[in-house]
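K.L.:
What shape does this take:
(2 chains)
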Amino acid sequence: MWNLTAEALDVAKLRGATFADVRLMHMRQRDLTTKNGQVGTLAQSESIGIGVRVLANGAWGFASTDQLTRQGVAACTAQAVSIAKASALAKRGDVEMVPEEAYVDSWQAPLVKDPFEIPLESQLELLLKADAAMRAVKGVTLTETDMQFRRIDTWYASSIGSRIHQRKVISGCGVAATSFQGTEIQKRSYPNSFGGQYALAGYELVESLDLLRHAPRVAEESVALHSAAQCPEKTGTLLLDGSQLGLQIHESVGHPIELDRVLGQEANFAGTSFLTLDQLNKLTYGSEIVNVVADARLAHGPGLGSFAYDDEGVPAQCTDIIKDGQFRGYLSNRETAKLIGLSRSSGTMRTESWNRLPIIRMTNISLKPGRGTPEELIASTDDGIWMETNRSWSIDDRRYQFQFSTEIAWEIKGGKKVRMLKNPSYGGITTEFWNSCDAICGAEYWTLWGTPNCGKGQPMQTMGTGHGAAPARFRNVRMGMATSGQ
Amino acid sequence: MTKRTKTSAHELTAAPELKRRIASVLRLARLAGADEAEVQIDETIDALTRFANNAVHQNVAEKGLTISVRTVVDGRTSRVTTNRLDEDSLRAAVESSLQLAASQPKIAGLLPVPGPQRYRKVNRVSRETAEVTPEDRARAVRKASDLAIRNGQVAAGIFSTGQSQLALGNSRGLFAAYRNTHAEFSITMQDEGAASWAKANACNVRDFDPQGLAVRASEKARMARQPQELAPGKHTVILEPAAVLDLVGFLFYDFSATAVEDQRSCLTGRLGKPLFGNNISISDDAYHPLQMGAPFDGEGLPRQQVALVREGVPRNLVYSRSSARKAGKKPTGHGFALPNEYGEAPMNLVFGGGKSSVEEMVASTDRGLLVTRVWYIREVDPYEKVMTGMTRDGLFLVENGKVVSSVRNFRFNQSLIDLLRNVVALGPPRRTTAEEAFEMVVPAMKVTGFHFTEPTKF
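P.N.:
Purely as a prediction, here's the structure:
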C-alpha cells in the first residue's frame, strides 16, 4: 500500500503541488436484517481505492480512483493537480494551513471479538429469535431487526512526511416493533431508533445489549401506546433519556460548532451557524452544569468518533466546547484553524470513503455527566414529562430552532412516573434550551451513543459520530406542539 | 464548453465489455455451485466543483466501478458487492455470497430469477455534459461569484457533472443496461444575513443556465433582507416547486405494495377512497421526458407507467415480483435489488399540474406566504403523514396580490394529506430538484391552511 501512496506523493510534487495527502482505504461491511420472522437483507460489500488531495496554485484539488496500479494512481494524482489548477481560476486568495507534525504510526481500535469471525448462523439466529419474541406480542404488526459490521483500514500519507495506518471495526444492532391500529402507527425500538446502538467495538457490543431481554418489552410498549394518553401541549419540565439527549447534543451543539459551517463553507447545503466568531468565549451557551467536550481519544470511550489520527493526519484531541455553560471552542481543520487565528487544528477532518474529500466532522461530542440516578431525577420532579427514544428530529439551517419527537413518554407527577404518553414532542431555541438544564445524572448512567447516519457535504457523505450523555432535566420547555392543531 | 481531447479515463466501459464481465461472473457462480445468479455492474465518473465565500473551496472527481453478485442456492439468496475486479477477487465474492446464502433458513416464496425482458429505449446521454472540464465549471463559478461581489453578496454552491451506467444480467439470459449523463448547479446568495437559493439539474448541462440561476438567487436574496417576525398559525402558502418537492417527496414509499402489506404506509386502508383534493393526480413514469433513471428495476423487469392517484383517489400501488405474487397482481417493475426488506417504490413520480404561474398565484392572494424552499423535513406521524421542517432561503409575505416583505423563517407541522386536500391552484409541472427528496416532476402549489408553529430567529 505504501508504494502506491508514495507514487501519488511523488507525482503530486512533480506536477507542481505544494502539499498533498493521500488516503488509501479498504472497507468491508456486512449487513443483516430480518422482518416479520424472515431474513431481509443478507449482504456483504468490499471497496478499495485511493483519494488524493493536493494544493496547487494555492487551491485545492481532489481525485479518486479504484485503479490501484502505479499508472492508475499517477493518472488520478495528475487529475487532482489539474483540478486544483482549475480551482485557482476561481480563488480569492491562497489556501494556508496551520503547521502540523509528521507522524509515522500504526493503530488499531481495540476489540474483543471480531464480528466477521463470528458464525453468520449465530448472528442470524439471534436476530430471528429477537424477531420472534416481538411477534409473540399480540397487536404487533411489523417486526424488524438489524446488525451491521464494518472494518475500515486507512493508509494515510502526506507530503510533510506522515505515514499512518489505522484499522477500525464498527458494530451495531437493534430491534424495532411497530403496531398499526385504527389510524395510528406506533413504534418502539431498542436500544435506540434508526438501527440501534453503534460503537467502535466488536461483537461484544451485540452481546452486551441483550436484545432478547428487551425485545418483548418494546413490542408490548408499541401496542400499549395506542391506549396511552396524548402528550399534552404545554410548557413545562422535560426529562430526556440518554439516547434522545445524545441526538439533541448532535443537532444543537455538534453541528453549530463545525467551523466550516461557521465560516460559510456549507452555506449552500448543510447551512451556517448561529455561533459566529464573535460568540467564542462570550456566549453563555448553557447553564453552569453544562460541560461539553469534543473528544476523539480512545480514552473517552469506543465511540464512532474515536480514532488515533483524523483524516488530515492530526492526532486525536479533547477540546472544550462548553465549559461551565460558556462557549469555548469549535471543531476545526488545519485550514479553518488558520483562518480564525488558532495555532493548531482540533483534528476533526474525516472522510466516509476513499472517494470522498475529508471535511470537518463531529468526533465524540459529549455532555459530561453530573450526579445522581435517573430515579432521583424523577423523584425530584414534581410535574414533568420523561421522553425516550427519538422518532423525528429537525433543526433550522443555523441551528437555532429545533423540534424533536420521541417514541414514548411518561408523565411525572409528585416525583413518580404516573402514566404513559404517546406522540411526544418538544422544541425550542438552542441556547434557551441548554440554559434551562438544571440536572444531569451521574457517570454510571452515561452512555456513549453512536449516531451512524450523519449526512454532510457535497457530494453527500455519511459519517458516524459519538455522543456521550446521561439522562437530564430541562425547565420551561415547550412540549406537545408537533401533533396539536392537525 | 471547452473542447478537449477525451481520454479513456473519462469514458464509461463499453457495453460489450459489460456483457463480457457479467458473463464471466455468471460462469464463476455456476462453477461454484449456484443454482441461479444475478450480476449487477454500477459505474460512475463524477466531478463536483464546490464554492463558498465567492471562491472555489472544494473540487473533486471520482471514478469507480462495482460488481455485485447475488447467488441463489437451495431456496436461499444473498448479495456480495466488490470493486476488486480481478478473477480471484470475483471468485471470492461469489463464494462469499454462497456461504452467506447457505447460512440462513430457506426463504419462503423466493422466486427464480426472471428470463430475458424487452425494454423501452430512453436516451439520457449528452456528449457535451460528459465533456465538461474542471475549467468550464470554475469559469461558471467565477462568473456567478463575480455577480455576487458586484451586488455586495456572498455566493456558495456547487456545479457538478458526470455520467453513470448500470448493467444487469442473470443466469436465465436476462441482460439490461442503462446509462445517463447528469449535471447540477445550485447556488445560495447571502445578503446582509439573509439568503436565497436556486438550483437545477438535468441530463444535459445545456438545459439550464448557471448564470440565470445566480441572478435569480441574487434578486431573491436582496428581497429577503430585513425579515419581520410573523405570528405562527395557519396561513395560505404559495409553494415554489422546490418546496413542493421536498414535502411530497416523503410520500413516495407509501405507494409501495410492501409498505401497505407491512401496514406502515399512510395508504393502508385508504386505497380506492377519496383522500386528496380532486385536482391531485400522481403517476410514476420512468419514460416522462423530464425524468431520469433506468427503464428497469432491481431484478431487471421493465418499469411500467403506473397511475398512482387519479383525481384525489389513490388507485394503484407499485409491485415487485414478490409483492405482486402475494397480492395477486402483476409486477410493475419497481422492485429493489434483492435481497431486501422494503420491496419496491416508485422512483419517477410525476404530479399533474395546472396553468397558474407563481406570479398569478401571488396576484390572486389577499394574504399569504411565498415559500422558496423547505429544509430538514422529518416525519412526525406516519399515518396522518404529519411532517415537520423549516422554511429556508426566502420566505415572503404576500398582501393584496403583491410580495410586500421578507418574513422570518418558520417551523411547520403539516399533514401532507391535508396539504393535498387544500391545494387551490397548481402550476405547470416541471423537473424539480431540491435537497431532501430525489428529483421529481412537480408543480408549484397554492395551499390554504398551512400550519406554521414557531418562528426562528432569522
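K.L.:
who in the stretch 351-486 of chain A is up against chain B?
P.N.:
Within the stretch 351-486 of chain A, the residues that sit near chain B (CB under 8 Å from any CB of the partner chain) are A:355-357, A:359, A:391-398, A:400-401, A:403, A:405, A:423, A:425, A:427, A:429, A:458-459, A:478, A:481-486. From N, CA and C alone the C-beta is placed, and that goes for glycine too.
K.L.:
For those residues, which PyMOL command selects only the ones that are buried?
P.N.:
To isolate in PyMOL the members of those that are buried, counting by 16 or more other CB atoms under 10 Å in any protein chain shown, one can use:
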select buried, chain A and resi 355+356+357+359+391+392+393+394+395+396+397+398+400+401+403+405+423+425+427+429+458+459+478+481+482+483+484
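K.L.:
Point out the ones among the residues of the stretch 351-486 of chain A next to chain B that are inside helices.
P.N.:
Secondary structure assignment (DSSP state H) places none of these within helices.
K.L.:
Could you tell me which residues of the stretch 251-400 of chain B lie near chain A?
P.N.:
Residues of the stretch 251-400 of chain B lying near chain A by CB under 8 Å from any CB: B:262-264, B:268, B:339-341, B:375-384, B:386, B:388-390, B:392.
K.L.:
For the chain, just list every one of the helices.
P.N.:
Picked chain A for this. For chain A, the helices defined by DSSP H occupy A:2-14, A:70-87, A:120-135, A:204-209, A:211-224, A:242-249, A:259-262, A:334-339, A:374-379, A:430-435.
K.L.:
The intended chain is chain B.
P.N.:
Counting by DSSP H, the helices of chain B are B:15-32, B:87-102, B:127-130, B:134-150, B:210-223, B:241-248, B:257-261, B:321-327, B:358-363, B:416-421.
K.L.:
Pick out the residue of chain A closest to chain B.
P.N.:
Relative to chain B, the nearest point of chain A is residue A:40 (2.9 Å; CB to the nearest CB).
K.L.:
Count the neighbours of that residue for me.
P.N.:
Using other CB atoms under 10 Å in any protein chain shown, the number of residues around residue A:40 comes to 20.
K.L.:
these two touch, right, it and residue A:31?
P.N.:
No. The pair residue A:40 / residue A:31 is not scored as a contact, 9.4 Å apart, by CB atoms under 8 Å.
K.L.:
doesn't residue A:256 make contact with residue A:275?
P.N.:
Yes. At 4.7 Å, residue A:275 and residue A:256 qualify as touching, with contact defined as CB under 8 Å.
K.L.:
what sits in contact with each of these two?
P.N.:
Counting by CB atoms under 8 Å, 6 or more residues apart in numbering or on different chains, the shared contacts of residue A:275 and residue A:256 are A:262, A:399.
K.L.:
Could you check the pLDDT of residue 264?
P.N.:
Just so you know, I chose chain A. Looking at residue A:264, its pLDDT is 98.
K.L.:
Let me rephrase: I mean chain B.
P.N.:
pLDDT, residue B:264: 97.
K.L.:
just to revisit the earlier point, mean neighbour count and distance to residue B:434 added to the helices of chain B, as a markdown table?
P.N.:
Shown next, in a markdown table, are the helices of chain B (neighbours: other CB atoms under 10 Å in any protein chain shown; distance: least, CB to CB, whole Å):
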| stretch | mean neighbour count | distance to residue B:434 |
| --- | --- | --- |
| helix B:15-32 | 17 | 33 |
| helix B:87-102 | 19 | 37 |
| helix B:127-130 | 16 | 21 |
| helix B:134-150 | 21 | 19 |
| helix B:210-223 | 20 | 13 |
| helix B:241-248 | 26 | 4 |
| helix B:257-261 | 23 | 23 |
| helix B:321-327 | 19 | 29 |
| helix B:358-363 | 18 | 15 |
| helix B:416-421 | 21 | 15 |
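K.L.:
Please name whichever of these is nearest to residue A:183.
P.N.:
Closest to residue A:183 of the helices of chain B, according to CB to CB: helix B:416-421, at 10.8 Å.
K.L.:
ok, and what's touching the closest one?
P.N.:
Helix B:416-421 has contacts (CB under 8 Å, 6+ apart) with A:486, B:247-248, B:250-251, B:266, B:275-277, B:280, B:312, B:384-387, B:447, B:449-450.
K.L.:
hang on, the earlier thing: may I see the helices of chain A organised as JSON lines, with distance to residue B:421 and mean neighbour count added?
P.N.:
Shown next, in JSON lines, are those (distance: least, CB to CB, whole Å; neighbours: other CB atoms under 10 Å in any protein chain shown):
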{"stretch": "helix A:2-14", "distance to residue B:421": "58", "mean neighbour count": "19"}
{"stretch": "helix A:70-87", "distance to residue B:421": "49", "mean neighbour count": "23"}
{"stretch": "helix A:120-135", "distance to residue B:421": "35", "mean neighbour count": "19"}
{"stretch": "helix A:204-209", "distance to residue B:421": "43", "mean neighbour count": "18"}
{"stretch": "helix A:211-224", "distance to residue B:421": "29", "mean neighbour count": "20"}
{"stretch": "helix A:242-249", "distance to residue B:421": "32", "mean neighbour count": "26"}
{"stretch": "helix A:259-262", "distance to residue B:421": "38", "mean neighbour count": "26"}
{"stretch": "helix A:334-339", "distance to residue B:421": "47", "mean neighbour count": "22"}
{"stretch": "helix A:374-379", "distance to residue B:421": "42", "mean neighbour count": "17"}
{"stretch": "helix A:430-435", "distance to residue B:421": "34", "mean neighbour count": "20"}
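K.L.:
Please tabulate those helices in CSV and include distance to residue B:354 as additional columns.
P.N.:
CSV is the format used below for these (distance: least, CB to CB, whole Å):
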stretch, distance to residue B:354
helix A:2-14, 55
helix A:70-87, 43
helix A:120-135, 46
helix A:204-209, 53
helix A:211-224, 42
helix A:242-249, 40
helix A:259-262, 39
helix A:334-339, 47
helix A:374-379, 55
helix A:430-435, 40
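K.L.:
picking that back up, from the contacts of helix B:416-421, list the buried ones, please.
P.N.:
B:247-248, B:250-251, B:266, B:275-277, B:280, B:312, B:384-387, B:447, B:450.
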